[in-house]
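[1] no sequence for this one, just the structure:
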Ligand SMILES: NC(=O)c1ccc[n+]([C@@H]2O[C@H](COP(=O)([O-])OP(=O)(O)OC[C@H]3O[C@@H](n4cnc5c(N)ncnc54)[C@H](O)[C@@H]3O)[C@@H](O)[C@H]2O)c1
């Protein structure tokens, strides 16, 4: 008989990501559309089981959204054969032991990034999953940003010719918390609590660069704590022990140089909070979260450097906006559907725990590069 439903254990479902992106916008949205559609057109409904520490919170969520299953007992959840998928949106420090338990229970694993705090742990998770023969996947949401989807389309079409370089700016000003409350949680600025912009963003940059431009062969980074003291959620000053900005150069197989600034200490003077400029022999593009502008070789102006004359040419007007030509669904939901198809009908999935481990390695080696003031090679990772 065709399978009609699949149970998903959602650990950390009441957290910021667990609730907003994964439960609300993904699993409940899939439930409301009648399930995930298989290649033969039939649908498999999703059945979530909420797991967390506070039964009160879970009950409230379950009642609000008509969810039957919830528990604060992870072992009990893992022992239930009707729930073959384990999803993890816990704080990063709590992730490795929880995923190990889930693998030991034979569950398929889907998890938020970073998959672990150290490369060693991240690689061990990938190895354990491989040995247990369970399917596994890691969130890679930035690739689903409409601007990056348009960029992928440009690359596939051959628009750029040979891609020479990529320059990216990610960031915005995060208030210190004294005269205006900070718009990010204080743990982000404490190393001992898993904070730091390198561990947060390099896990993303790894799959973004790998999938758009190629394998990362080396990293050089300078990680800095620009603002040494911040004020927390309770109005108490604390020492910011983690990096809040990182200036990095990634060398990509095939010769493309990718230079990315990630910072919580910059004031935005661009259209969007992330912006990449890609320059190729045949054309260039500037992409953001949503927007994407291009300038082909044939329409490239010919500037002449003359510091004695004020600039009269409007360089911004030389660019052409790329139309949507597509509808862009929530990236977290699309990823969930892809992972469910991976589990249900063995559809391909390259964003697995090994890919997640490469992301953790990039953060680790980025920090090492910064501490030692040298470029670090990144040989291929094998299980
Ligand atoms: N993909 C992305 O763009 C993105 C964005 C933000 C965060 N994240 C990742 O998502 C994860 C969760 O981040 P968040 O911002 O939702 O955090 P959060 O603090 O809002 O939620 C964390 C969850 O973990 C639970 N938890 C906390 N301490 C725990 C412990 N000791 N044992 C068991 N459970 C514990 C909390 O109850 C909560 O449910 C992190 O790994 C973070 O790196 C990813």
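    That came in fine, so what should we check first? Keep in mind the model is a prediction, meaning the values are calculated, not measured.

[2] Show me where the stretch 251-383 of the chain has its strands.
    Taking DSSP state E, counting those that start in this stretch as the criterion, the stretch 251-383 of the chain carries its strands at 257-263, 274-280, 283-287, 292-296, 320-321, 376-377.

[3] okay, and the helix or strand of the protein with the least pLDDT?
    helix 16 (a mean of 92; mean pLDDT, DSSP states H and E).

[4] Identify all contacting residues around the following helix or strand past it.
    Downstream of helix 16, the next assigned helix or strand under DSSP states H and E is helix 28-32. Outside helix 28-32, the residues that touch it by Cβ atoms under 8 Å, 6 or more residues apart in numbering are 36, 45, 46, 48, 65, 330, 333, 336, 337, 340. In short, each C-beta sits where N, CA and C put it, glycine included.

[5] mind checking the SS state of the third one?
    Same thing as residue 46. On the three-state scheme (DSSP: H, G, I helix; E, B strand; the rest coil), residue 46 is labelled strand.

[6] Provide a list of residues in contact with the one residue in the chain that gets nearest to the ligand.
    With Cβ to the nearest ligand atom as the measure, residue 15 is the residue of the chain nearest to the ligand, at 2.3 Å. Taking Cβ under 8 Å, 6+ apart, we find residue 15 in contact with 52, 89, 90, 91.

[7] Apart from its neighbours in sequence, what residue is nearest the last one?
    It refers to residue 91. residue 194 (6.6 Å; Cβ to Cβ, 6 or more residues apart in numbering).

[8] What of the second one?
    Counting by Cβ to Cβ, 6+ apart, the nearest residue to residue 89 once its immediate chain neighbours are dropped is residue 18, at 3.4 Å.

[9] wait, the one you found sits on residue 10?
    Yes - between residue 18 and residue 10 a contact is recorded at 6.5 Å, counting by Cβ atoms under 8 Å.

[10] okay but residue 291 is in contact with residue 271, surely?
    Yes - here residue 291 lies in contact with residue 271, judged by Cβ under 8 Å, at a distance of 5.9 Å.

[11] Residue ranges in this structure under the pLDDT threshold?
    Across the chain, the ranges flagged by pLDDT under 70 are 1-3.

[12] which strands and helices sit next to the least confident helix or strand of the chain?
    With contacts taken as 3 or more Cβ pairs under 8 Å, 6 or more residues apart in numbering; DSSP states H and E, helix 16 sits against no other helix or strand.

[13] any idea which of the contacts of residue 15 is closest to residue 347?
    Distance to residue 347, by Cβ to Cβ, is smallest for residue 89 among the contacts of residue 15, at 22.6 Å.

[14] Contacts only, for the closest one.
    Residue 89 neighbours (Cβ under 8 Å, 6+ apart): 10, 11, 12, 13, 15, 17, 18, 22, 111, 112.

[15] any idea how far residue 144 is from the fourth one?
    When you say that, I think you mean residue 13. Noted for residue 13: a distance of 21 Å to residue 144, by Cβ to Cβ, to the nearest Å.

[16] before we move on, the earlier item: can you tell me which of the contacts of helix 28-32 are up against the ligand?
    Checked against the ligand using Cβ under 6 Å from any ligand atom, these yield no neighbours at all.

[17] Let me have the residues you listed in TSV, adding neighbour count and distance to residue 266 as columns.
    Formatted as TSV, the contacts of helix 28-32 follow (neighbours: other Cβ atoms under 10 Å; distance: Cβ to Cβ, whole Å):
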residue	neighbour count	distance to residue 266
36	23	40
45	14	45
46	23	40
48	27	38
65	15	38
330	15	27
333	21	31
336	26	33
337	19	35
340	27	38
